[in-house]
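> Need the 3D shape of this:
(one chain, ligands or ions: 1)
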Amino acid sequence: MPSQRPFYVTTPIYYISGTPHIGHAYTSIAADALVRTARAHGPARALTGTDEHGQKVANAAAAAGMTPQQYVDSLAPKWRALGPEFDAVFDDFIRTTEPRHQHTCLALFERMRAAGDVYEGVYEGWYCTHDETFWPEAKLVDGRCPNPECRRAVQWLSEKNWFFRLSKYRDRLVEHFRANPEFLRPQSRWNEMMAILEEGLEDFSISRSSFDWGIPLPGGGVLYVWYDALINYISALGWPEDPDGLYARFWPGMHLIGKEIARFHTIIWPAMLWSAGLPIPARVFAHGWITADGGAKMSKSLGNAMDPFAMKAEFGADSLRYFLLREAPFGSDFSISMEKLRQRHNSDLGNDLGNLLRRSLAMLQKYRNGLVPQPTDGRVSERVADLPALVNEHVMCLRFREALDEIWNLVTLLNRAIDEQKPWELYKHERLVELDALLYDLCEGLRWLSLLLFPFMPSKATEMWRQLGLEGTPEQPWDEELVWGRLAAGTQTSPGAPLFPRIEPPAA
Ligand code: MSP
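Sure thing, here's the model as predicted:
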């Protein structure tokens with residue numbers, strides 16, 4: 001498989017005043033599975049962080065009796081810990097209150113102003129502080145915020161602000177969307193954005209003068225929080241000076257976002273970048289929502305959020321990661337419950353995968369003292385020749401579920417080989433050549449599984465690798481390691497504890 005150009009994926013930067021819930025963990029886990037797969041083929045980088053400005057944060061800080069800076073500093077550690085809790089390892093974590101970010105924002109603002117796209121005007125409109133969004137009068141519902149899960153009171157703002165000539169970029173955006181269907185996936189979101197573009201775009205205000213918790217502008221006022229937030233994707237790479245060459249290597253990258261923020265990422269952000277003469281994101285994927293029973297989006301404000309830490313405590317990070325990426329296509333909404341998690345944990349992971357490892361290594365122990373036999377060109381090798389390319393293709397196109405379906409075909413194939421060839425009978429009838437061939441296929445198949453599953457379940461895949469008697473970890477270049485027959489004869493395997501111990505439902 002050819003190695004790819006440097007790959008860069010980002011999550012949205014999370015609102016610092018929120019509480020990490022399963023929806024945030026979902027995006028971070030998906031970004032991690034993606035970047036780990038990309039890394040098996042070449043250089044790759046992942047970014048996450050926190051969105052720390054805006055009136056909502058200033059209000060919350062005041063309510064807590066702190067300065068905004070003290071308040072955000074007190075909250076940042078729990079967001080920084082979110083990824084690592086679920087084995088999602090990011091190369092960088094950006095906070096919008098960092099000087100490096102402020103520097104990039106002002107540089108971009110200046111570029112856009114120099115391009116003639118930023119002008120002064122008076123902004124009057126309805127503002128929802130909770131969503132940090134302006135709404136046109138016509139969109140209000142009963143005079144309140146039209147976001148169905150917000151519906152809070154809006155306030156009338158009238159301020160002298162800087163405006164961005166967004167309207168100028170409408171035709172170019174339409175052309176870009178038409179020429180690049182892959183720019184925004186899935187199709188439903190692409191359609192939605194095209195409908196917005198067809199209605200026409202209005203210029204919008206990118207600064208605020210009524211409060212000061214934001215990036216200060218030289219002539220007074222602060223940057224609008226969404227304008228500031230979007231820029232994180234390049235401030236973390238060091239634009240414009242690019243001291244470490246990260247921007248030159250990794251931009252343009254790919255954004256993973258929830259579907260509710262597609263407009264910001266695929267209309268406003270590209271227009272900002274074009275205005276500054278910079279390349280726009282290569283791809284944006286807007287995933288679905290994790291919903292509570294009944295279909296409502298899970299969110300702290302709705303009071304229906306599930307705590308990812310409690311789920312991890314019960315099932316382990318890998319089982320949760322597997323569930324989230326296997327349960328539904330990445331672009332769709334889906335609901336989650338402890339019962340559904342338990343079912344997948346016990347059946348897919350415990351019965352299918354865990355038992356395959358346990359049975360295979362137990363038989364190898366019994367019949368061959370745990371030593372891997374000579375490589376064979378058995379029946380399995382032909383069947384899996386295309387598997388790495390297929391899995392890679394699915395993951396790179398955000399089809400995590402389909403990638404796992406393909407990997408599970410190998411799990412099923414190996415389990416079926418045991419059931420059909422009955423190694424205990426081969427042993428009994430001294431058909432040792434056949435027995436060795438089967439045992440080799442099982443061990444080599446399991447080695448492939450640990451390489452292919454590493455992006456999804458890094459710690460369980462590493463445990464499989466260890467039980468197979470291999471050195472290091474399954475974080476390896478696929479084109480070198482996913483070659484049938486690389487598992488050396490004579491490797492001493494070392495069976496260990498079950499990978500996915502059964503989890504019983506709580507007693508009624
Ligand atoms: N700060 C903005 C993003 C700025 S990006 C330049 C923001 N933050 S947020 O804290 O509300 O996080 C939003 C992201 O969290 C969503 O886009 C999505 O990735 C994730 N999720 C939050 N709740 C979710 C669900 N219930 N389901 C799935 N993901 C959701 O918006």
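> which SSE is Phe93 in?
Per DSSP states H and E, Phe93 falls inside strand 92-95.
> contact partners of that strand?
13, 45-50, 52, 72, 76, 79-80, 83, 100-101, 232, 235-236 (Cβ atoms under 8 Å, 6 or more residues apart in numbering). Yep, even glycine has a C-beta here, placed from its N, CA and C like the rest.
> Buried subset of those residues, written for ChimeraX?
Of those, the buried ones can be selected in ChimeraX as follows, counting by 16 or more other Cβ atoms under 10 Å:
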select :13,45,46,47,48,49,50,52,72,76,79,83,101,232,235,236
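> What about the ligand: which of the contacts of strand 92-95 touch it?
Ile13, Asn232 (Cβ under 6 Å from any ligand atom).
> Just the contacts of strand 92-95: which are in strands?
Arg45, Ala46, Leu47, Thr48, Gly49, Thr50 (DSSP state E).
> Kindly confirm my reading that Leu256 forms part of a strand.
Yes - counting by DSSP: H, G, I helix; E, B strand; the rest coil, Leu256 is found in a strand.
> Now the residue of the stretch 101-250 of the chain at minimum distance from the ligand. Nearest residue, chain neighbours left out?
Nearest residue of the stretch 101-250 of the chain to the ligand: Ala229, at 3.9 Å (Cβ to the nearest ligand atom). Distances taken as Cβ to Cβ, 6 or more residues apart in numbering place Asp51 nearest to Ala229, at 4.6 Å, with adjacent residues excluded.
> what residues are up against that neighbour?
Pro12, Ile13, Tyr14, Tyr15, Ile16, Thr96, Val225, Ala229, Asn232.
> For beta bridges, what are the partners of it?
Tyr15 (DSSP bridges).
> how close does it get to the ligand?
4 Å (Cβ to the nearest ligand atom, to the nearest Å).
> just Trp478 next, same as before
Taken as Cβ to the nearest ligand atom, the span from Trp478 to the ligand is 28 Å.
> Give the burial count for that residue, as a bare number.
Counted by other Cβ atoms under 10 Å, the residues lying close to Trp478 total 21.
> State the distance from it to Pro77.
35 Å (Cβ to Cβ, to the nearest Å).
> residue contacts, His287?
Listed by Cβ under 8 Å, 6+ apart, the contact partners of His287 are Tyr26, Thr27, Ala30, Leu256, Ile257, Gly258, Lys259, Phe330, Gly331, Leu398.
> actually Phe309, sorry about that
Phe309 makes contact with Glu85 under the criterion Cβ under 8 Å, 6+ apart.
> Now do the same for it: its pLDDT.
Phe309 is assigned a pLDDT of 90 by the prediction.
> In the stretch 51-200 of the chain, mark out all the strands, start to finish.
92-95, 118-128, 133-135, 155-164, 184-185 (DSSP state E, counting those that start in this stretch).
> The longest one and the ligand in contact?
Going back to what we said before, that points to strand 118-128. No - Strand 118-128 is not in contact with the ligand by Cβ under 6 Å from any ligand atom; minimum separation 13.3 Å.
> Quickly run through the sheet partners of that strand, with directions.
With DSSP bridges as the test, strand 118-128 pairs up with strand 133-135 (antiparallel), strand 155-164 (antiparallel).
> deepest of these, which one?
strand 133-135 (a mean of 19; mean count of other Cβ atoms under 10 Å).
> any idea which helix or strand carries the nearest residue to Gln365 once chain neighbours are set aside?
By the measure of Cβ to Cβ, 6+ apart, the closest residue to Gln365 outside its immediate chain neighbours is Pro495, 6.2 Å from it. Counting by DSSP H and E, no helix or strand carries Pro495.
> Run a quick neighbour tally on the residue of the stretch 351-500 of the chain found nearest the ligand.
Minimum separation of the stretch 351-500 of the chain from the ligand (Cβ to the nearest ligand atom) falls at Leu398, amounting to 13.0 Å. Leu398 is flanked by 24 other residues according to other Cβ under 10 Å.
> go on, Asp171?
11.
> and if you look at Leu453?
Neighbour tally, Leu453, other Cβ under 10 Å: 24.
> For it, give its distance to Leu325.
Taking Cβ to Cβ, one finds Leu453 at 11 Å from Leu325.
> again, but for Met272
31 Å.
> again with Tyr119
45 Å.
> quick one: low-confidence parts of the stretch 301-450 of the chain?
301-302, 378 (pLDDT under 70).
> residue boundaries of the strands in it?
So, for the stretch 301-450 of the chain - with DSSP E, counting those that start in this stretch - the strands run 334-335.
> Looking at the contacts of His287, which is nearest the ligand?
Of all the contacts of His287, the ligand sits closest to Gly258, with 2.6 Å by Cβ to the nearest ligand atom.
> that older thread, the residue nearest to Gln365 contacts Met363, doesn't it?
No - counting by Cβ atoms under 8 Å, Pro495 stays clear of Met363, with 10.2 Å between them.
> Show me which of those two is the more surrounded one.
Between Pro495 and Met363, Met363 has the larger neighbour count (other Cβ under 10 Å), namely 19 against 16.
> wait, doesn't the more buried one sit right on Pro423?
Yes - the pair Met363 / Pro423 is scored as a contact, 5.3 Å apart, by Cβ under 8 Å.
> Need the overlap of contacts for the two.
Common neighbours of Met363 and Pro423 (Cβ under 8 Å, 6+ apart) are Leu439.
> from the chain, which residue is nearest to the ligand?
Gly23 (2.2 Å).
> can you list the residues of this structure near the ligand?
12-15, 18, 23-24, 26-27, 51, 229-230, 232, 257-258, 261, 289-290, 297-299.
> let's go with 5 Å and repeat that
12-15, 18, 23-24, 26-27, 51, 229-230, 257-258, 261, 289-290, 297-298 (Cβ under 5 Å from any ligand atom).
> What ranges does the stretch 51-200 of the chain have for its helices?
55-63, 68-80, 82-85, 99-114, 170-179, 187-199 (DSSP state H, counting those that start in this stretch).
> Quick one: closest of those helices to Phe7.
Ranking the helices of the stretch 51-200 of the chain by their distance to Phe7 (criterion: Cβ to Cβ) puts helix 82-85 first, at 17.4 Å.
> who does that closest one touch, helix- and strand-wise?
helix 22-39, helix 308-315 (3 or more Cβ pairs under 8 Å, 6 or more residues apart in numbering; DSSP states H and E).
> what do you get if the cut-off is 7 Å, keeping everything else the same?
helix 22-39 (3 or more Cβ pairs under 7 Å, 6 or more residues apart in numbering; DSSP states H and E).
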